[in-house]
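K.L.:
Provided below for reference: sequence and predicted model.
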Amino acid sequence: MRALEIAKQVLRTEIEGLEAVERKLGASFEEAVNLILSTRGRVVVTGLGKSGLIGRKIAATLSSTGTPAFFLHPAEALHGDLGMVTSEDVLLGLSNSGRTEEVNLIVRVLKRRGVKTIAFTGNLQSPLARLADIVIDVGVPREACPHDLAPTASTTATLAVGDALAVALAEARGFGPEDFRRNHPGGSLGERLKVRVAEIMLTGDHIPLTRLGTPMMEALQEMDRKRLGCILVLDQDDRLRGIITDGDLRRALVRRGSLEGLRVEEIMTRDPKRIEKDRLASEALDLMEKHLITVLPVVDTEERLVGILHLHDILGKGSFKFTV
């Protein structure tokens, strides 16, 4: 129980830190976004120790969301890697104390080359804050460490502001799912975004379906057998006319008290959301998220049913799944 209390206290402290940084965030953040948008080069992120670890993640997030960036280790920078930085780049220096001499030395050297610097620091009176062109205050009231020593809340705040910067830049650039996919050609997330619905939809006997005029109790048996939490209702030409979900059943039972004697068209949701088989899986996912649904009928250009897509078929239940 003591461990659980400590864990909750740590989370509360870190949340307090984030709230404090949120209150302080202002014009300097917008200046940082505008500076990066106007630069022709890359964002060079640097920091030492825990700040360096956070810096690596910030650089990776920036790069994957449309802002070219890389991490520059301060020690390596001072032994030759400063040659990787050009006058068209922007430096993002991370130091909670603002007194990390290696970081400050890099800022001084690059300043002489005309490189602009954005500082994330918790000390506005520090050497780093005085050297930087733009200063973003990421200071937190206290660390989550019981001795207020180990970087905990401060590194969380720095990481969160880095995420905020990346997202703000992505929005400003109009960076969308297709752009993200181009940066992630490998991996399950990239696969999820680039395949066609036809490649992952369920077909044939896997589809829970019935026809207009079918007794509800008969349709319920089909729904139970296919275990997708729904059944699709077709007309005699195989065109999609409705869907019955677990929620529709629940509402019908509350309203009527029984399903006996009912036909499917009496409780189905008419004109359900659907997607054509040649659309991207990412589009299907967007549609599911927008309308808070987990299944999506798949149709051809003439509105004839050809398959059904479940959220798990996009996410792959841990590994991407193809259905043949």
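P.N.:
Cool, got the structure.

K.L.:
what's next to whatever helix or strand residue 76 lives in, contact-wise?
P.N.:
Taking DSSP states H and E as the criterion, residue 76 maps to helix 74-77. Residues outside helix 74-77 that contact it (Cβ atoms under 8 Å, 6 or more residues apart in numbering): 46, 47, 48, 52, 85, 100, 102, 103, 105, 106. To be clear about C-beta, it is placed using only N, CA and C from the backbone, and glycine gets the same treatment.

K.L.:
swap in stretch 141-149?
P.N.:
9, 10, 13, 14, 16, 17, 20, 150, 151, 152, 153, 154.

K.L.:
Let's see which of the residues you listed end up in helices.
P.N.:
Judged by DSSP state H, helices contain the following of the contacts of stretch 141-149: 9, 10, 13, 14, 16, 17, 20, 153, 154.

K.L.:
show me what contacts the third one?
P.N.:
For residue 13, the residues meeting the contact criterion (Cβ under 8 Å, 6+ apart) are 142, 143, 144, 152, 153.

K.L.:
now with 10 Å?
P.N.:
140, 141, 142, 143, 144, 145, 146, 148, 152, 153, 156 (Cβ atoms under 10 Å, 6 or more residues apart in numbering).

K.L.:
again with the last one
P.N.:
If a contact means Cβ under 10 Å, 6+ apart, then residue 154 has 14, 17, 21, 50-51, 54, 96-97, 120-122, 138-140, 142-145 as its contacts.

K.L.:
Buried residues, the helix holding residue 76. List them.
P.N.:
Buried residues in helix 74-77, defined by neighbour count with 16 or more other Cβ atoms under 10 Å: 74, 77.

K.L.:
roughly how far out does it sit from the chain middle?
P.N.:
Centroid displacement of helix 74-77 relative to its chain, using Cα atoms, centre = their mean, to the nearest Å, is 31 Å.

K.L.:
Beyond that helix, next helix or strand please.
P.N.:
strand 90-94.

K.L.:
right, and the helix or strand after that next one?
P.N.:
Trace forward from strand 90-94 with DSSP H and E and the next one is helix 101-112.

K.L.:
what's the offset of the helix or strand that that following helix is followed by from the middle of its chain?
P.N.:
Using DSSP H and E, the helix or strand that follows helix 101-112 in sequence is strand 116-121. Computed by Cα atoms, centre = their mean, the chain-centroid distance of strand 116-121 equals 25 Å.

K.L.:
buried ones in the next helix or strand after strand 116-121?
P.N.:
Counting by DSSP H and E, the next helix or strand C-terminal to strand 116-121 is helix 127-131. Applying a neighbour-count criterion of 16+ other Cβ under 10 Å, the buried positions in helix 127-131 are 127, 128, 129, 131.
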